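**Q** need a structure here:
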Amino acid sequence: MATYSSDLITNKKQIPAVNAVQARQVYCVPFQVTLSSALALNDLIKLAELPNDCVPVDFVAFLSDLDTNGTPALVWDAGILNSDGDDLVSNSKIVSGSTVGQAAGVQRMNASDCVFNYATWIADSECDGRYKNNIVAMKVTTAPATGAASGTIKGLLFYRSLETWEV
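**A** Numbers count the residues shown, from 1 in each chain. Now for the predicted structure:
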């Protein structure tokens, strides 16, 4: 299992901080990952940091063709990386069962666990918790039939701060 990191994670680029005065404002963080080898089963790709006390409201990923086989098989999920950094936190998915990457394309958020079950995943023993920044990551759940030797994953993470009544 390999772990890849976006330019945001690698270079620790600054993202806008959110405070309580800015409740209901939506922030957008762009990220980019350059893959230098083919993806494999259970690979993790760290995409962006989600500031503490914040919840995703949307996610958009642009993937190059990462499975060059005539019958591609690549499937992936996205959600919050667990505290051990080796899996996604239960009930934290923002993308579930995506096949984008079998051919180049765009994937929007298609799972709402992370948005509407905040209290569930943030309280999960695998999660770093409410008062720490969390990492939004992709996990390969079905390996590519023939992985591309290189590729890119670019995207946008949209998030907002939590209201006091939500926690």
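**Q** Which stretches in this protein count as helices?
**A** For the chain, helices defined by DSSP state H occupy the ranges 7-11, 113-116, 118-122.
**Q** now the shortest one: mean pLDDT?
**A** Helix 113-116 shows an average pLDDT of 68 in the prediction.
**Q** Likewise for stretch 91-100?
**A** 91.
**Q** go on, stretch 2-16?
**A** Stretch 2-16 shows a mean pLDDT of 67.
**Q** go on, stretch 48-59?
**A** Stretch 48-59 shows a mean pLDDT of 86.
**Q** what's the offset of that stretch from the middle of its chain?
**A** From the chain centre to the centre of stretch 48-59 is a distance of 10 Å (Cα atoms, centre = their mean, to the nearest Å).
**Q** Need the distance between the two termini of it.
**A** 11 Å (Cα to Cα, to the nearest Å).
**Q** buried residues in it?
**A** Neighbour-count burial for stretch 48-59, counted by 16 or more other Cβ atoms under 10 Å, picks out A48, E49, L50, P51, N52, D53, C54, V55, P56, V57, F59. In short, each C-beta sits where N, CA and C put it, glycine included.
**Q** Just give the nearest non-adjacent residue to V100, would you?
**A** Q107 (4.1 Å; Cβ to Cβ, 6 or more residues apart in numbering).
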